[in-house]
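K.L.:
Next one to model:
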Amino acid sequence: MSSFLVISLLFGLTFGQTASLCAPSKYTIHVEKKECAYCLAINTTICAGFCMTRDSNGKKLLLRSALSQNVCTYKEMLYQTALIPGCPRHTIPYYSYPVAVSCKCGKCNTDYSDCVQEKVRTNYCTKPQK
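P.N.:
Next up is the predicted model:
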């Protein structure tokens, strides 16, 4: 093997271990209100991907700063509002949702993120889509 190939392989393995794959990803949200006749499928972007974390098994031996448990979270986001069709007049027919503009690996902020990974729930409509 040539030295260039070996160096490239080592660089790739090193960079691959430290690189973050956290980025905005397309996602579809299904929204419905019980008062409204229809379900609305909204296409948005969320932050998803891999962030390097450090194993906390050695927490008694390591400094607290060495025990980072980073998640893929919003760096910059904006909110958009959609109109849910088929709502009666007494119901507010609007739904606001976040749109990820950029993402980062960092601490999970419970002000705007669900920081607990739960069992995957099916994202579907029980009413006709419009």
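K.L.:
switch to C-alpha atoms for all contacts and neighbour counts from now on
P.N.:
OK.
K.L.:
burial of residue 94, as a residue count?
P.N.:
Residues lying near residue 94 (other Cα atoms under 10 Å) number 12.
K.L.:
what's near enough to touch the closest residue to it other than its chain neighbours?
P.N.:
Once flanking residues are discounted, residue 94 sits nearest to residue 83: 4.7 Å by Cα to Cα, 6 or more residues apart in numbering. Going by Cα atoms under 8 Å, 6 or more residues apart in numbering, residue 83 touches 93, 94, 95.
K.L.:
mind checking which helix or strand residue 101 is in?
P.N.:
Here residue 101, judged by DSSP states H and E, is contained in strand 94-106.
K.L.:
Okay, now the unreliable bits of this protein?
P.N.:
Scanning the chain with the threshold set as pLDDT under 70 gives 1-20, 54-68, 112-122.
K.L.:
and if we set it to 90?
P.N.:
1-21, 50-71, 73-74, 106-130 (pLDDT under 90).
K.L.:
all strands of it, in order?
P.N.:
Secondary structure of the chain (DSSP state E): strands located at 23-31, 40-48, 71-83, 94-106.
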